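**Student:** dropping the sequence and predicted coords here.
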Amino acid sequence: MDKADFPKEFYWGASTASYQVEGGAHNQWTVWELAHAAEFAKTAEKRLGWLPNWEHIKKRAEDPNNYVSGKGVDHFNRYDEDFGIAKSLNLNAFRFGIEWSRLEPEEGQWNQEAIEHYRRYIKAMKKRGLEPFLNIWHWTVPTWFDAKGGFKKHQNIKYFTRLVGKIAEEYVDDLTYVITLNEPNVFTSFGYVTGEWPPQEHSYWSLIRVYINLVSAHRQAYKILKATKPSLQIGVAAQLANIQAKRPHDVLDELSTKVMRYLWNWWFLRRIRKQQDFVGFNYYFTDYYKTFKRENPHVPLSDLGWYMEPEGLYPLLLRVWARYKKPIFITENGVADEQDQYRQWWLQESIIALQRAMSEGVDVRGYFHWSLLDNFEWAYGWWPKFGLVEVDRAHGMKRTVRPSGKWFADYIKKHS
Ligand code: BGC
């Protein structure tokens with residue numbers, strides 16, 4: 001991996017989501033987490049006791065405060081310091097979210113202060129030499145939108161497109177890249193089928209409705225954004241898995257692989273293929289299917305118990321390229337690893353996967369690590385650590401670059 005260099009214009013970035021780092025938000029998710037924190041703490045052992053490092057996380061996982069996003073990592077106030085850290089890691093791009101509930105806390109009423117905040121935020125990022133990749137929706141919505149039924153109702157899409165119009169009107173001059181939606185498949189599965197996330201439904205019918213509405217939301221957003229600035233490059237951040245047959249050549253395993261790839265990876269992207277200038281995807285998982293059931297190897301596992309196969313990025317890149325023939329951005333990729341024992345290996349394998357794919361002509365334009373900072377990991381709360389940079393919330397939110405972060409910075413410097 002030390003032999004090949006990356007093109008000068010390759011984007012090395014880190015990815016974040018407003019709700020997971022900013023702090024002080026008020027949206028459907030903050031309301032939900034407060035209502036469930038005590039219950040999550042109580043049921044922690046039952047849910048997480050099987051994790052390899054359960055003893056190590058037990059105290060935190062059984063504390064209700066773990067499940068409250070609260071002050072976040074105060075990125076809302078410390079963004080310029082964070083951009084400085086990103087720059088010191090030799091990054092040249094940054095994926096971030098705009099928190100809808102800040103911009104439009106009440107239906108139809110724009111908060112001018114919040115609008116100005118994000119204007120300063122984007123300008124500060126650019127001043128540090130970081131190319132902004134603005135992400136419009138990363139699962140959180142204002143409480144008033146949620147009360148109307150959120151994305152389950154087709155007639156609610158107009159509120160989202162109004163937000164898109166506002167973002168276009170306010171920020172478009174400073175932008176080249178916009179991501180409309182983050183991982184529609186994950187959001188709909190966890191929120192509407194498994195019931196682990198708000199609104200905690202168990203209904204395939206709801207999943208289908210939300211999924212279809214998100215397709216429309218993206219298509220309309222694409223049109224609005226393009227009309228405002230035709231040169232904008234627009235896409236989504238899809239969650240794609242490297243899905244493989246557990247027993248190669250077994251008819252049922254191969255069939256389940258085909259079905260799962262289609263449903264999980266391609267269904268959404270196929271529907272928006274004409275409304276995307278690039279394919280953006282998040283890669284975390286290689287999943288093996290045995291007769292329609294996921295059955296992964298038992299090692300190595302991340303802190304979240306996720307099976308780790310970072311090199312699975314390579315076959316996935318080939319497949320995405322073969323299907324869409326459009327520039328590709330890895331919009332998220334990373335690992336929950338508090339001890340920082342796997343992250344450098346993960347980065348190395350991911351970089352090799354990028355190099356292999358690019359050497360075969362796959363047009364990869366950028367890689368965004370998840371994440372710059374330790375952050376609030378949705379229903380798991382604070383204990384999983386995804387940051388290139390550690391954040392000590394108990395001691396003034398102190399930021400410390402992890403050894404893997406230093407390794408990454410050094411690699412970028414030598415090879416870009
Ligand atoms: C999401 C992030 C999340 C990460 C790690 C992705 O699916 O977009 O918000 O923190 O995975 O779980």
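**Tutor:** Yep, that arrived. Numbering: from 1, shown residues only.

**Student:** what does stretch 30-49 contact?
**Tutor:** Residues outside stretch 30-49 that contact it (Cβ atoms under 8 Å, 6 or more residues apart in numbering): 19, 54, 57-58, 61-69, 143, 198, 379, 381. Placement of C-beta: from N, CA and C, glycine included.

**Student:** tell me the buried residues in that stretch?
**Tutor:** Within stretch 30-49, the residues that count as buried by 16 or more other Cβ atoms under 10 Å are 30, 32-33, 36-37, 40-41, 44, 48.

**Student:** likewise for stretch 62-76?
**Tutor:** 63-64, 66-70, 72-76.

**Student:** centre of the chain to stretch 267-282, how far?
**Tutor:** 15 Å (Cα atoms, centre = their mean, to the nearest Å).

**Student:** what parts of this protein come near the ligand?
**Tutor:** 17, 20, 182-183, 186, 239, 282, 332, 370, 377 (Cβ under 6 Å from any ligand atom).

**Student:** in helices only, show me these.
**Tutor:** 20, 186 (DSSP state H).

**Student:** nearest to F386 among the residues of the chain next to the ligand?
**Tutor:** W370 (5.7 Å; Cβ to Cβ).

**Student:** check contacts around that closest one.
**Tutor:** Contacts of W370 (Cβ under 8 Å, 6+ apart): 14-15, 282, 332-334, 386.

**Student:** how about a cut-off of 10 Å?
**Tutor:** By Cβ atoms under 10 Å, 6 or more residues apart in numbering, the contact set of W370 is 14-17, 20, 95, 282-284, 330-336, 386-388.

**Student:** residues near E360, how many?
**Tutor:** Counted with other Cβ atoms under 10 Å, the neighbours of E360 add up to 11.

**Student:** excluding its backbone neighbours, what's nearest it?
**Tutor:** Spatial nearest neighbour of E360, excluding adjacent residues (Cβ to Cβ, 6 or more residues apart in numbering): L318 at 7.2 Å.

**Student:** coming back round to it: tabulate the buried residues of stretch 30-49 (TSV), appending secondary structure and pLDDT.
**Tutor:** Below are those laid out as TSV (DSSP: H, G, I helix; E, B strand; the rest coil; pLDDT from 0 to 100):
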residue	secondary structure	pLDDT
T30	helix	98
W32	helix	98
E33	helix	98
H36	helix	98
A37	helix	98
F40	helix	98
A41	helix	98
A44	helix	98
L48	helix	98
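
**Student:** what is the burial count for Y284?
**Tutor:** Count around Y284 with other Cβ under 10 Å applied: 24.

**Student:** would you mind measuring from it to N333?
**Tutor:** 7 Å (Cβ to Cβ, to the nearest Å).

**Student:** need the residues touching each of the two.
**Tutor:** With Cβ under 10 Å, 6+ apart as the test, Y284 and N333 both reach 310, 313, 370.

**Student:** between those, which is closest to the ligand?
**Tutor:** For the shared contacts of Y284 and N333, the minimum distance to the ligand (Cβ to the nearest ligand atom) is 5.5 Å, reached by W370.

**Student:** quick check: closest non-adjacent residue to the residue most central in space within the chain.
**Tutor:** Nearest residue to the geometric centre of the chain (Cα atoms, centre = their mean): E332, 5.4 Å. Excluding the flanking residues, the one nearest E332 by Cβ to Cβ, 6+ apart is N282, at 3.5 Å.

**Student:** what is the distance between the longest helix seen in the chain and the centre of its chain?
**Tutor:** For the chain, the longest helix by residue count, based on DSSP H, is helix 204-228. Here the centre of helix 204-228 is set off from its chain's centre by 18 Å, with Cα atoms, centre = their mean.

**Student:** just stretch 53-63 next, same as before
**Tutor:** 25 Å.

**Student:** surely the residue nearest to the centre of the chain and A14 touch.
**Tutor:** Yes: using Cβ atoms under 10 Å, E332 is in contact with A14, at 9.5 Å.

**Student:** which of the buried residues of stretch 30-49 lies closest to L269?
**Tutor:** Using Cβ to Cβ, those come closest to L269 at W32, 28.6 Å.

**Student:** do you know how far that closest one is from W378?
**Tutor:** Separation of W32 from W378 (Cβ to Cβ): 10 Å.

**Student:** give the intersection of the neighbour lists for the two.
**Tutor:** W197.

**Student:** quick check: neighbours shared by E332 and A14?
**Tutor:** Shared contacts of E332 and A14, counting by Cβ under 10 Å, 6+ apart, come down to 95, 367-371.

**Student:** and the gap between the closest residue in space to I272 that isn't next to it in sequence and V335?
**Tutor:** In space, and not counting its chain neighbours, I272 is closest to H218: 5.2 Å by Cβ to Cβ, 6+ apart. Using Cβ to Cβ, H218 is found at 28 Å from V335.

**Student:** ok, D374 next?
**Tutor:** Separation of D374 from V335 (Cβ to Cβ) stands at 12 Å.

**Student:** which stretches of the stretch 301-416 of the chain form helices?
**Tutor:** With helices called from DSSP state H, counting those that start in this stretch, the stretch 301-416 of the chain shows them at 313-324, 343-359, 403-415.

**Student:** any stretches of this protein with poor pLDDT?
**Tutor:** Within the chain, no stretch has pLDDT under 70.

**Student:** count of neighbours near V141?
**Tutor:** 24.

**Student:** ok, Y342 next?
**Tutor:** Quick note: Y342 (other Cβ under 10 Å) scores 19 neighbours.

**Student:** so what's in contact with D374 and V335 at the same time?
**Tutor:** 384-386.

**Student:** before we move on, the earlier item: closest to the ligand among the shared contacts of E332 and A14?
**Tutor:** W370 (5.5 Å).

**Student:** dig out what the closest one forms beta bridges with.
**Tutor:** Counting by DSSP bridges, W370 is bridged to S15.
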